[in-house]
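[1] Build me a structure from this.
(2 chains)
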Amino acid sequence: MSGFGITVAFWILAALTLASAGGVMASRNLIHAVLFLIVAFLGVSGFFILLSADFLAMAQIIIYVGAISVLILFAIVLTPRAERDNSETSMVLPALLLGTTLAAVLLFVLYDANWNVTNVEPGLSAEVLGSALLSVWVLPFELASVLLTAALVGALMIVRRQEDEEGDSAS
Amino acid sequence: MNPFELISPQLAILIGAGLILVYDAIFPKDNRYLPWMALAAIAVSVSFAISLAVRGEYHVGFEGTYSVDKFSVFFSVVFAGIGAAVVFASMNWVDRVGRRKSEYYALLLTATAGLMFLAGARDLITIFIALELSSIPQYILAGWGKDERSGESGLKYLLLGSIASALLLFGMALLYGLSGSTFVPEIATFIGENASDNRSLLILASTLIIAGFGFKMALVPFQMWVPDVYEGAPTPVAAFLSVGSKAAAFAVVLRIFFEGLNAEILSNDWAMIFAVLAAISMTVGNIFALVQSNIKRMLGYSSVAQAGNFAIGLAAIAVVGQEFTLAASAVLFFVVAYAFTNLAVFIAVIAISRHLESDDINAYEGLAKSAPLLALALGIALISLTGIPPSAGFWAKLYIFNAAAQADLAWLVIVAVLNSVLAAFYYLRIVRLMFRNVEDQIGSAPFAIPKSIGFVLGITVLGVLVFGFFPTPIISVAREAAAIFSIG
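    Purely as a prediction, here's the structure:
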């Protein structure tokens, strides 16, 4: 990764991502916070493109922007009794302190570490990822499908419990 | 070798889970056989695991992501046993709740299979997926009860568990970014060569991984969820959490830290972290357990304190250096002794609170009169938790303290012994309450203990006593299983 254009793109993306992440915290309206979150997700997917990981960038957009943010929006809209604002909390100061400390530790550690630098062209196309998933990581890949089934059964259980209770009170 | 044979113990359990769901879909009215199907799956799984061990089929399979070795077979059998005990302990409770029996057993089996995968996983991705495979069913099961408390405990466990998973992933990502590999042996090679250049990052990664698994182990300061979840979750599920999920976390930590991160320059650092966490966990757990009046909350804090005892073994292993096996086998022996003991306590509590309809410790007064056998069983189990001979718990503590002493951790042994005295107060208080002579007590109606609970309570208490009198066979098995770490 080199060149003037890429460096400029990196800093623009970094500023965009950080600013919108800050917006998630600062905005007092929950819907606005989610919209800021979407921008932050888009910024992260920009980093993936800069690293030539276009498949990951696409997955980031589809999963985080397409699915997770929409889920959050739905959750906000469908909880009628809840307050719509990102309410004040007394933990602002401790949270700021913790966040700053964590950032300081991470910055120190990331500078201190002796990272491996490589010039190999990253081959992160969908094809490479797909064949890796079905060869080297076939076991976790298949386990993930079992995991999803279990999660599905669990989700059904949670929904059906409410139906059961409604049935109980009706009868 | 056929890769399916390597994971045959887990496959048997997962297929059992699938069959239970399908059977329930076809015959929705007939659900008497569901727990027996679960037990059959576990029995097949254990026989597969033992057959792998007997034939000596120790291989690394699936491109290095999963390994069948003595260590993973040992834990597979332990987890299968825990799963079977929890199925027995659940039967009566699930029948009373009535609905959704098949899903309960299917999720319990899935969680058990996830724990078994954890014991053999040798690659960070597989470890993470196996961890989630065991965790997600447990989140759901913790919220299975009908009351609000249970729902709250499920939600709390899910939210805090997700944070722990995120921390764990962060630690793993740092390790991967540094070493360029997710495979534990390759990380070990990289760290053997480059540990001194990257000490700060490796310490941060270790800390994050310890935080992630510390949540499952219930080590202080990652223990906030324990009393609330144990109190709210159905008691059989709490038993599963306190034994299965904790033991699995220790198995994975042994695998990651003693196989992957045991370069000398690094191991002293994380051993110190474990030593400090052990001391804090024991002290905090015991002090809070002293003041509890609800037995399930007390058991929650007691499980925090016991996690501290486990962690002594982790601290000792790294310090010994050359004699890895002693402390690793101490942890494994502790796992078996603790599994039998804690399951016995929880199952006895299930039987008692079913009758008293109360989890209040004071309601146990004079229990020996109305249910002498039950009181005796709970008494033996509590004595084993305290670590008084002749019980399995005594040998487990002795063994792990010995390992710590040989690792020059005298201060930790002193803290642990003082804590055992503290623990004796609240464990033996229950024993004293039960055997106190009271004239007219409330629960004096004859106790009806369901057969399934009586059976599994008998087995676990028998285990506590047998391993108390004859600990040698388990010690030699634990030594063999821990020997895979001696090469490092």
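[2] Could you use CA atoms for every contact and neighbour count after this?
    OK.
[3] what about the residue nearest to the spatial centre of chain A, distance to residue B:252?
    Centroid-nearest residue in chain A: residue A:64, 5.6 Å away (criterion: C-alpha atoms, centre = their mean). Between residue A:64 and residue B:252 the computed distance is 30 Å (C-alpha to C-alpha, to the nearest Å).
[4] Count the neighbours of residue 145 for me.
    Picking chain A for this. As a burial measure, residue A:145 scores 12 neighbours (other C-alpha atoms under 10 Å in any protein chain shown).
[5] please go with chain B instead
    Neighbours around residue B:145, by other C-alpha under 10 Å: 20.
[6] which residues touch the residue lying closest to the residue nearest to the centre of chain A once chain neighbours are set aside?
    Nearest residue to residue A:64 in three dimensions, chain neighbours excluded: residue A:41, at 6.6 Å (C-alpha to C-alpha, 6 or more residues apart in numbering or on different chains). Listed by C-alpha atoms under 8 Å, 6 or more residues apart in numbering or on different chains, the contact set of residue A:41 reads A:17, A:60, A:61, A:64, A:65.
[7] could you point out where chain A is predicted with low confidence?
    A:1-2, A:81-87, A:122-123, A:161-171 (pLDDT under 70).
[8] Swap in 90 and give it another go.
    Low-confidence segments of chain A (pLDDT under 90): A:1-6, A:25-32, A:50-56, A:74-93, A:95-96, A:110-130, A:132-133, A:136, A:154-171.
[9] Over to the stretch 151-300 of chain B?
    Judged by pLDDT under 90, the stretches of the stretch 151-300 of chain B that qualify are B:151-152, B:177-181, B:188-200, B:220-221, B:223-224, B:257-272, B:292-293.
[10] what does it have sitting close to chain A?
    Proximity of the stretch 151-300 of chain B to chain A (C-alpha under 8 Å from any C-alpha of the partner chain) is limited to residues B:177, B:178, B:179, B:197, B:198, B:199, B:200, B:201, B:204.
[11] okay, these in CSV with secondary structure and neighbour count next?
    Below are these laid out as CSV (DSSP: H, G, I helix; E, B strand; the rest coil; neighbours: other C-alpha atoms under 10 Å in any protein chain shown):
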residue, secondary structure, neighbour count
B:177, helix, 13
B:178, helix, 21
B:179, helix, 19
B:197, helix, 14
B:198, helix, 18
B:199, helix, 19
B:200, helix, 20
B:201, helix, 24
B:204, helix, 19
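[12] Which of those residues lies at the shortest distance from residue B:140?
    Proximity of those to residue B:140 (C-alpha to C-alpha) peaks at residue B:204, which lies at 31.6 Å.
[13] How many residues are close by the residue nearest to residue B:214 when sequence neighbours are not counted?
    Distances taken as C-alpha to C-alpha, 6+ apart place residue B:222 nearest to residue B:214, at 6.1 Å, with adjacent residues excluded. Other residues near residue B:222 come to 21 when the count uses other C-alpha under 10 Å.
[14] The helix or strand containing residue B:39 packs against which elements?
    Here residue B:39, judged by DSSP states H and E, is contained in helix B:34-54. Helix B:34-54 sits against helix B:8-26, helix B:70-97, helix B:101-120, with contacts defined as 3 or more C-alpha pairs under 8 Å, 6 or more residues apart in numbering or on different chains; DSSP states H and E.
[15] Of all the ones you listed, which one is nearest residue A:130?
    Taking the helices and strands packed on helix B:34-54 one by one with C-alpha to C-alpha, helix B:101-120 is closest: 22.8 Å.
[16] other SSEs contacting the closest one?
    Here helix B:101-120 touches helix A:138-170, helix B:8-26, helix B:34-54, strand B:66-67, helix B:70-97, helix B:124-142, helix B:246-253, going by 3+ C-alpha pairs under 8 Å, 6+ apart.
[17] Show the average pLDDT along it.
    Across helix B:101-120, the average pLDDT comes to 94.
[18] Return the distance of it from the chain's centre.
    Averaging C-alpha positions (C-alpha atoms, centre = their mean, to the nearest Å) puts helix B:101-120 14 Å from its chain's average.
[19] just the angle between it and helix B:70-97, please?
    Our comparison of helix B:101-120 with helix B:70-97, counting by axes from the mean of the first three to the mean of the last three C-alpha atoms, to 10 degrees, yields an angle of 160 degrees.
[20] Tell me which of the helices and strands packed on helix B:34-54 sits most buried.
    helix B:101-120 (a mean of 28; mean count of other C-alpha atoms under 10 Å in any protein chain shown).
[21] quick one, it and helix B:124-142 angle?
    Per the same axes, to 10 degrees, the angle that helix B:101-120 makes with helix B:124-142 is 150 degrees.
[22] Quick check: residues of chain A near chain B?
    Counting by C-alpha under 8 Å from any C-alpha, the residues of chain A lying close to chain B are A:109-110, A:112-116, A:135-140, A:143-144, A:146-147, A:150-151, A:153-154, A:157.
[23] Just the buried ones from the residues you listed?
    A:109, A:113-114, A:137-140, A:143-144, A:146-147, A:150-151, A:153-154, A:157 (16 or more other C-alpha atoms under 10 Å in any protein chain shown).
[24] Show me the two of those that sit farthest apart.
    Farthest apart among those by C-alpha to C-alpha are A:114 and A:157. That separation is 48.4 Å.
[25] can you count the residues close to residue A:4?
    Residue A:4 has 8 neighbours, counted by other C-alpha under 10 Å.
[26] cool, and residue A:92?
    10.
[27] how close does it get to chain B?
    Distance of residue A:92 to chain B, given as C-alpha to the nearest C-alpha, to the nearest Å: 19 Å.
[28] could you list every residue that touches that residue?
    Residues near residue A:92 by C-alpha under 8 Å, 6+ apart: none.
[29] do you know how far it is from residue A:101?
    Taken as C-alpha to C-alpha, the span from residue A:92 to residue A:101 is 14 Å.
[30] Next: residue B:258.
    Per C-alpha to C-alpha, residue B:258 is found 30 Å from residue A:101.
[31] Repeat that for residue B:114.
    35 Å.
[32] Ok, residue A:110 next?
    Remark: distance between residue A:110 and residue A:101 (C-alpha to C-alpha) = 14 Å.
[33] Can you check my assumption that residue B:390 lies in a strand?
    No. Assigned with DSSP: H, G, I helix; E, B strand; the rest coil, residue B:390 falls outside any strand and is coil.
[34] Leaving out chain neighbours, which residue sits closest to it?
    Residue B:390's closest residue in space is residue B:468 (C-alpha to C-alpha, 6+ apart), at 5.0 Å.
[35] Surely that neighbour touches residue B:394?
    Yes. Between residue B:468 and residue B:394 a contact is recorded at 7.3 Å, counting by C-alpha atoms under 8 Å.
[36] Sticking with residue B:332, tell me its helix or strand.
    Element membership for residue B:332 (DSSP H and E) is helix B:324-356.
[37] Please work out the average pLDDT along the next helix or strand after that helix.
    On the C-terminal side of helix B:324-356, the nearest following helix or strand under DSSP H and E is helix B:367-370. For helix B:367-370, mean pLDDT is 82.
[38] Quick one: name whatever helix or strand follows helix B:367-370.
    Assigned by DSSP H and E, the successor of helix B:367-370 is helix B:372-386.
[39] Contacts for stretch B:422-430, please.
    Applying C-alpha under 8 Å, 6+ apart, the contact partners of stretch B:422-430 are B:286, B:287, B:289, B:290, B:302, B:361, B:364, B:382, B:383, B:385, B:386.
[40] Mind checking which of those residues are buried?
    Buried among the contacts of stretch B:422-430 by 16+ other C-alpha under 10 Å: B:286, B:287, B:289, B:290, B:302, B:361, B:364, B:382, B:383, B:385, B:386.
[41] what two of these are the furthest from one another?
    Longest distance between any two of those is 21.2 Å, between B:287 and B:364; criterion C-alpha to C-alpha.
[42] picking up where we left off before, so which bits of the helix holding residue B:39 are buried?
    Neighbour counts over helix B:34-54 (16+ other C-alpha under 10 Å) mark B:34-50, B:52-53 as buried.
[43] what do you get for stretch B:425-441?
    So, applying 16+ other C-alpha under 10 Å, buried residues of stretch B:425-441: B:426, B:427, B:428, B:430, B:431, B:432, B:433, B:434, B:435.
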